[in-house]
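J.: I would like to see how this sequence folds:
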Amino acid sequence: MFDLGIVIVSWNVADLLKRCLASVFSQQSNFKFHVIVVDNASQDGSADLVQSDFPEVELIRSEKNLGYSTANNWGLKSLGFDGASLPRSRYVLLLNPDTELPPQALSEMVAYLTERPEVGAAGPKLILPDGSLDLACRRSFPSPSVSFWHFTRLAKWFPKSRRLGQYNMTYIDPDQDIEVDSVVGAFMLVRSEVIESVGLLDERFFMYGEDLDWAFRIKQAGWQIRYNPAVVVQHVKRASSSQSQRARQEFYIAMHLFYLKHYRKQTATWLHFLIMFGILLQGGIGLWLAPGWKKTKTILQSPNR
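T.: Okay, here's the model as predicted:
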């Protein structure tokens with residue numbers, strides 16, 4: 001068994017993927033880890049690069065872009081989380097290819113989780129290329145009220161307000177170690193027993209929102225999720241999604257899916273219609289025609305774990 005299984009989903013970011021993998025294999029660690037790269041039908045030679053330059057990596061090639069959730073699930077199933085096998089690793093790391101790890105990032109994050117048996121998942125401090133904090137690395141769940149303060153820009157105007165700044169927790173010192181609702185899937189370290197308990201990522205989230213949904217289910221199962229700023233990881237962010245015209249729509253589709261799955265049943269009808277209007281206003285009327293929008297029609301009738 002490996003101590004750590006690392007799943008990296010890649011789409012057309014060969015140069016960034018190469019730097020990411022180089023930083024992974026430069027880690028100063030005394031534990032065994034295994035890396036799986038799931039290539040989502042890249043057209044820039046990413047898969048061939050992995051095969052030639054990093055032969056120790058388990059490479060899974062997809063003939064089409066499966067989306068982030070499905071591709072990650074392929075990697076998780078290869079690690080034994082398929083319902084029929086025993087897990088091949090004690091911990092699992094979802095890692096984006098546009099990240100670069102400092103030499104002790106993996107050992108420090110694994111130690112962090114090992115020392116805290118009540119914590120089911122954890123993430124580090126993520127820093128963008130300009131040196132600023134990637135606000136998504138510590139988040140509250142986007143409940144209707146939390147989302148309202150964020151999308152009306154009130155959170156941006158009053159970032160230090162505990163009430164208005166909940167979405168990205170901007171009222172808390174970024175160097176404070178805290179329990180959070182969710183960390184981001186760009187670097188999300190999870191215990192194997194947590195995955196066995198709550199299941200895999202919900203594949204109805206093509207991209208965006210799947211990490212929030214996973215975190216919601218992890219918290220519902222009684223585990224803590226923590227943000228550990230002692231480990232700092234570089235994150236380019238949106239290196240793949242910025243190439244996709246579909247990405248903006250998928251963001252709001254994911255918001256809609258998350259709302260329907262976790263908040264719709266306890267939301268008053270009048271507020272529900274306001275929320276739907278807000279999502280369409282933000283995402284554009286074209287959302288009605290987007291292929292992913294159809295998935296939201298059945299989510300209350302057939303909820304995934």
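J.: what are the ranges of the helices in the stretch 1-150 of the chain?
T.: Along the stretch 1-150 of the chain, the segments classed as helices by DSSP state H, counting those that start in this stretch run 14-24, 46-53, 68-78, 105-114, 144-151.
J.: Tell me the buried residues in the first one?
T.: The neighbour-count check on helix 14-24 (16 or more other Cβ atoms under 10 Å) flags Ala14, Leu16, Leu17, Lys18, Arg19, Cys20, Leu21, Ser23, Val24 as buried. No exception for glycine: its C-beta is placed from N, CA and C like everyone else's.
J.: With stretch 185-194 instead?
T.: Within stretch 185-194, the residues that count as buried by 16+ other Cβ under 10 Å are Gly185, Ala186, Phe187, Met188, Leu189, Val190, Arg191, Ser192, Val194.
J.: which residues touch the last one?
T.: This points to Val194. The neighbourhood of Val194, defined by Cβ atoms under 8 Å, 6 or more residues apart in numbering, consists of Gly120, Ala121, Ile218, Ala221, Trp223.
J.: got the phi/psi numbers for the residue lying farthest from the centre of the chain?
T.: Distance from the C-alpha centroid of the chain, by Cα atoms, centre = their mean, peaks at Trp270 (31.4 Å). Reported as degrees, to the nearest 10, the phi and psi values for Trp270 are phi -60, psi -40.
J.: Name the residues that touch the host helix or strand of Ile279?
T.: Assigned by DSSP states H and E, Ile279 falls within helix 269-283. Contact with helix 269-283 is made by 144, 147-148, 151, 248-249, 251-253, 255-256, 259, 264, 267, 287-288, as judged by Cβ under 8 Å, 6+ apart.
J.: What is the neighbour count of the residue nearest to Gly185 when sequence neighbours are not counted?
T.: The shortest distance from Gly185 to any non-neighbouring residue, by Cβ to Cβ, 6 or more residues apart in numbering, is to Asp211 (3.4 Å). Residues within reach of Asp211, counting by other Cβ atoms under 10 Å, total 24.
J.: What residues does Glu58 make contact with?
T.: By Cβ under 8 Å, 6+ apart, the contact list for Glu58 reads His34, Val35, Ile36, Val37, Ser78.
J.: So which of the residues you listed wins on neighbours?
T.: In terms of neighbours by other Cβ under 10 Å, the contacts of Glu58 top out with Val37 at 27 neighbours.
J.: Look up how far Thr70 lies from that residue.
T.: The gap separating Val37 from Thr70 is 15 Å, by Cβ to Cβ, to the nearest Å.
J.: His262 too?
T.: 21 Å.
J.: Strands along the stretch 151-300 of the chain, start to end?
T.: 178-179, 187-191, 224-235 (DSSP state E, counting those that start in this stretch).
J.: Identify each buried residue in the last one, please.
T.: What it means is strand 224-235. Residues Ile225, Arg226, Tyr227, Asn228, Pro229, Val231, Val233, Gln234, His235 are the ones in strand 224-235 that count as buried (16+ other Cβ under 10 Å).
J.: Check stretch 99-111 too.
T.: So for stretch 99-111, counting by 16+ other Cβ under 10 Å, buried means Thr99, Glu100, Leu101, Pro102, Ala105, Leu106, Ser107, Glu108, Met109, Val110.
J.: Also stretch 159-178?
T.: Buried residues in stretch 159-178 (16+ other Cβ under 10 Å): Leu164, Gly165, Gln166, Tyr167, Asn168, Met169, Thr170, Ile172, Pro174.
J.: Take these and lay them out in a markdown table including pLDDT.
T.: Below are the buried residues of stretch 159-178 laid out as a markdown table (pLDDT from 0 to 100):
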| residue | pLDDT |
| --- | --- |
| Leu164 | 90 |
| Gly165 | 91 |
| Gln166 | 91 |
| Tyr167 | 90 |
| Asn168 | 93 |
| Met169 | 95 |
| Thr170 | 94 |
| Ile172 | 96 |
| Pro174 | 97 |
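J.: between those, which is closest to Ile127?
T.: Ranked by distance to Ile127 (Cβ to Cβ), the buried residues of stretch 159-178 are led by Pro174 at 9.5 Å.
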